[in-house]
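S.K.: Fold the following.
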Amino acid sequence: MGAAAERGDLDTIRDLIKEGVNPKGTGMHAMTPLMRAAKGAQLEACRLLIRNGSDVNEHNDSGSVLMWAIDSESKDIVELLIENRVDLDWESVAGEGALRFAKEKKATDIIDILTREHGNSPR
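M.R.: Sure, this is the predicted structure:
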């Protein structure tokens, strides 16, 4: 399902879900379909996976769904994840969080979104 998610193949994702494939299952490097969809900047695939139980806070040791959305420079996916209560404070085993990662990528629009939302999130 991960490859279909990364390329935004909604029909294949739907078929696999109907067949009982777990949309939260992990593949190589513990990448989930939602992580792969965010990596591929596939907004509609992200929506479909979230509607079918994928957790916006999925991560492996080095990155999260949010970080993959930042890496793909998809502010729409970042906003979708925020709408679905993504953890803005999660950090990788190396201590890197989403805002720091966005600053390293010089993703100005995403930095603005994260800064605004981080200030609005309860502590």
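
S.K.: okay, CA-based contacts and neighbour counts for the rest of this
M.R.: OK.

S.K.: Identify each buried residue in stretch 42-55, please.
M.R.: Of the residues in stretch 42-55, Q42, L43, E44, A45, C46, R47, L48, L49, I50, S54, D55 count as buried by neighbour count, 16 or more other C-alpha atoms under 10 Å.

S.K.: which residues make contact with stretch 103-116 from outside it?
M.R.: Stretch 103-116 is contacted by residues I70, D71, E73, K75, V78, E79, L88, A98, L99, A102 when judged by C-alpha atoms under 8 Å, 6 or more residues apart in numbering.

S.K.: out of those, who's nearest S64?
M.R.: Closest to S64 out of those is A98 (8.5 Å), distances taken as C-alpha to C-alpha.

S.K.: State the distance from that closest one to G2.
M.R.: 22 Å (C-alpha to C-alpha, to the nearest Å).

S.K.: Tell me the spacing between the nearest residue to P33 once chain neighbours are set aside and K106.
M.R.: Nearest residue to P33, sequence neighbours excluded (C-alpha to C-alpha, 6 or more residues apart in numbering): G2, at 4.2 Å. In this view, G2 and K106 are 27 Å apart by C-alpha to C-alpha.
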